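[1] sequence below, structure please.
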Amino acid sequence: MEIGVGLDPTLGLNWDQQREVSQEAARLGYTSIWTPEGNGQDSFHLCVQRWQATTDVVLEGLTTGIAVSPVMYRTPLSFAMEGGTVSDITGGKFIMGIGSGGAYRPQARAALGVGRMSALALMRDYLSVIRPLVKGERVDYEGETTTLKGMRLAMRPAPETPVYLGALGPRMLEMSGELADGASLNWCTPEQIAWSRERIAEGAAKAGRNPSEINVAEYIRICVDDDVDAARIALAKATMGYALGASVPTERERQLGYRAHFERMGFTDELADLDEMRKKGASRDEVAEAFPAEILQSVGYFGKADGAAAAFARLAEGLDTAIVRVVAARRGVDSTLAVMEACKPEAVRAV
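    Predicted structure coming up:
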């Protein structure tokens, strides 16, 4: 199992600190550095910056990856151009993850001026176009959301770039087995990882692929601090936006995205209780305080540093690439470095 580290904008790192933590990741033995993408800094540029920093420690630099970029932000050709360019600059040390983002939510589509669509059809189209483009192939494709006629990426040699699919539900997981180079999971119990691998294998079988060809990666959130309550609240706040959503969901919304994912793992009643708090006007801090510790420890870890490596090893069971997604208990680089030290690969493998 490969062990990477995941760093996101909530850590508040400036460019000098990005360089510092990237180099420390290389010193600590991590093999990759990952980032999500929102509508802030461009994650492709960030990956190049982080890779460049690590070349001062490891000659060829660490692999960098995006897990994941919402596809409604770019065209398939744009993804191929950006991803291919990063692969070219880094000598192939780049993995591009794509996902449907909020494509299933009317509000998210409206904000981008995008009409109603199937998130599954959208991802099928993007994978069917991007993967052959970065392999140097000429693409003739007509799908529900994307059409390309005789298009080829003008880069020689071809910028071979693994393309991972962000997947939670059964049909998206099957698609990753059918069409992607890897599956990017998120917020999973070990049991959910096993269930996900079964769905990936089903998709691979449909395409005549060996399931071992599909790399299964996942972010695992870790927050450490001597003040256990501070770590708990920080992890709860990192979890709430996914498990609960920005507002109390409708019955339909509970069947989609991350809410459906958490309910599949058996947390329906606990989340319903928190929704009742929100309906009555509870603040974000009040909901975080009430967020069940059992859920947090089922999909991540909060607590003192000396318990982090064992918890991470348990949560990573069944993965090909396990990513320590840093959750900082406090602002500043020290909290980030504390998580990285607590879960360094040497410590995890010693468990």
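[2] what's the end-to-end length of stretch 136-155?
    Across stretch 136-155, the straight-line distance between its terminal residues is 8 Å, by CA to CA, to the nearest Å.
[3] same thing with stretch 313-323?
    Stretch 313-323 has an end-to-end distance of 11 Å (CA to CA).
[4] mind starting the numbering at 2 from now?
    Right, with 2 as the first residue, what we last looked at is stretch 314-324.
[5] which element is residue 53 on?
    Under the criterion DSSP states H and E, the helix or strand holding residue 53 is helix 44-55.
[6] next SSE downstream of that helix?
    Stepping forward along the backbone from helix 44-55, the first helix or strand reached (DSSP H and E) is strand 64-71.
[7] tell me the angle that following strand makes with helix 44-55.
    Calculated by axes from the mean of the first three to the mean of the last three CA atoms, to 10 degrees, strand 64-71 forms an angle of 170 degrees with helix 44-55.
[8] parallel or antiparallel, list what pairs with strand 64-71.
    strand 33-36 (parallel), strand 95-100 (parallel) (DSSP bridges).
[9] just the ones you listed: most buried one?
    Across the strands paired with strand 64-71, averaging neighbours per residue (mean count of other CB atoms under 10 Å) puts strand 95-100 on top, at a mean of 27. Using the backbone N, CA and C atoms, a C-beta is placed for each residue, glycine as well.
[10] beta partners for the residue nearest to residue 308 when sequence neighbours are not counted?
    For residue 308, ignoring the flanking residues on the chain, the nearest one in space by CB to CB, 6 or more residues apart in numbering is residue 302 at 7.1 Å. According to DSSP bridges, residue 223 are recorded as the beta-bridge partners of residue 302.
[11] show me what contacts residue 302?
    221, 222, 223, 224, 225, 236, 308, 309, 312, 313, 316 (CB atoms under 8 Å, 6 or more residues apart in numbering).
[12] residue 218 and residue 39: what is the separation?
    In this view, residue 218 and residue 39 are 19 Å apart by CB to CB, to the nearest Å.
[13] who has more neighbours out of the two?
    Higher neighbour count among residue 218 and residue 39: residue 218, with 24 against 13, using other CB atoms under 10 Å.
[14] mind checking the SS state of that one?
    Three-state call for residue 218 (DSSP: H, G, I helix; E, B strand; the rest coil): strand.
[15] tell me what it is bridged to.
    residue 185, residue 322.
[16] is it true that it touches residue 182?
    No - using CB atoms under 8 Å, residue 218 makes no contact with residue 182, being 10.5 Å away.
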